[in-house]
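[1] Sharing a model prediction with you, sequence too.
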Amino acid sequence: PTSVDLIVFGLALAGISSFLSSVNFLSTIAVLGVTNGAKPWSLFTWAIVFTAIMLIATLPILTGGLLMLVLDLHLNTQFYDASFNGDPVLYQHLFWFFGHPEVYIIILPAFGVISQTLSTSAGKLVFGGPSMILAMGCITVLGSLVWAHHMMTVGLETDTRAYFSAITMMIAIPTGTKIFNWLSTFMGNPFSTISLDVWYALSFIFLFTLGGTTGVVLGNSALDVAL
């Protein structure tokens with residue numbers, strides 16, 4: 001149990017640090033926005049804002065789940081023990097409520113970097129800037145509501161699986177918007193010499209499109225269960 005305690009303690013410590021860092025980022029951006037006359041922010045800044053919001057919303061849930069795990073281990077509570085009317089699936093819900101948004105917590109700053117790279121190389125703002133911000137906001141909201149698509153085989157109700165399948169596939173809409181705007185920025189101003197950073201950005205867009213396409217297919221609950 002000592003090793004489990006150390007792992008939980010390490011995760012809790014990392015969660016607290018990420019939570020406080022997110023508060024710091026939001027506070028800094030809010031203060032600078034006011035002092036600078038609320039000038040338009042870069043897409044990278046918006047990406048950090050949405051990332052921080054997701055961390056603040058989901059990390060307490062993960063911490064609560066880990067705390068319940070430690071209580072089960074040391075104080076004989078029965079949150080997850082099915083033999084005492086506990087629910088082991090509850091742990092999966094608590095974990096994946098953080099675990100799936102974590103995917104977008106990792107990728108949103110990368111979206112900001114790609115936007116900044118293409119904008120700088122093209123010498124102009126990214127095509128459809130407001131729609132890019134709206135897309136990141138939609139990804140933030142929808143990405144926080146689809147955690148159970150990792151749990152299609154645990155005995156969810158049919159209508160519940162239908163809900164999570166539908167919301168999962170809906171994320172393709174704002175994501176597709178971002179890909180379209182990135183490509184429009186690039187194609188609207190072809191570079192005479194494509195620099196290394198642009199090649200990296202285009203490679204990211206290509207791989208992300210392939211991966212995102214498989215995500216739409218696997219979002220189907222029937223196919224998910226069959227596989």
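    Looks like it arrived, so ask away.
[2] For residue 63, grab the count of nearby residues.
    Residue 63 is flanked by 18 other residues according to other CB atoms under 10 Å. Just so you know, the C-beta spots here come from the backbone N, C-alpha and C atoms, and that holds for glycine as well.
[3] Please apply the same query to residue 16.
    12.
[4] And it, how far from residue 140?
    22 Å (CB to CB, to the nearest Å).
[5] What of residue 201?
    Distance from residue 201 to residue 140, by CB to CB: 22 Å.
[6] mind showing which ranges of this structure have poor pLDDT?
    Low-confidence segments of the chain, defined by pLDDT under 70: 1, 33-41, 189-193.
[7] Where do the helices of it begin and end?
    For the chain, applying DSSP state H gives helices covering 2-35, 43-74, 88-122, 129-143, 158-170, 172-187, 196-218, 221-226.
[8] quick one, what contacts the residue nearest the centre of the chain?
    Taking CA atoms, centre = their mean, the centroid of the chain lies closest to residue 104, which sits 1.6 Å from it. Contact partners of residue 104, counting by CB atoms under 8 Å, 6 or more residues apart in numbering, are 51, 54, 139, 140, 143.
[9] Specify which member of the residues you listed is nearest to residue 196.
    residue 51 (25.7 Å; CB to CB).
[10] still on that earlier bit, reformat the contacts of residue 104 as a markdown table; add neighbour count and distance to residue 186.
    A markdown table is the format used below for the contacts of residue 104 (neighbours: other CB atoms under 10 Å; distance: CB to CB, whole Å):
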| residue | neighbour count | distance to residue 186 |
| --- | --- | --- |
| 51 | 24 | 24 |
| 54 | 22 | 28 |
| 139 | 23 | 21 |
| 140 | 21 | 25 |
| 143 | 25 | 26 |
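[11] need the residues you listed in a markdown table with distance to residue 62, can you?
    Shown next, in a markdown table, are those (distance: CB to CB, whole Å):
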| residue | distance to residue 62 |
| --- | --- |
| 51 | 16 |
| 54 | 12 |
| 139 | 20 |
| 140 | 17 |
| 143 | 15 |
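[12] any idea how far the residue nearest to the centre of the chain is from residue 155?
    27 Å.
[13] Kindly report the same for residue 121.
    Residue 121 is 50 Å from residue 155, by CB to CB.
[14] So which of these two has more stuff around it?
    Taking neighbours as other CB under 10 Å, residue 121 and residue 155 compare with residue 121 leading, 18 against 8.
[15] residues near the closest residue to that one other than its chain neighbours, how many?
    Closest residue to residue 121 apart from its sequence neighbours, by CB to CB, 6 or more residues apart in numbering: residue 198 at 5.0 Å. Close neighbours of residue 198, defined as other CB under 10 Å, add up to 17.
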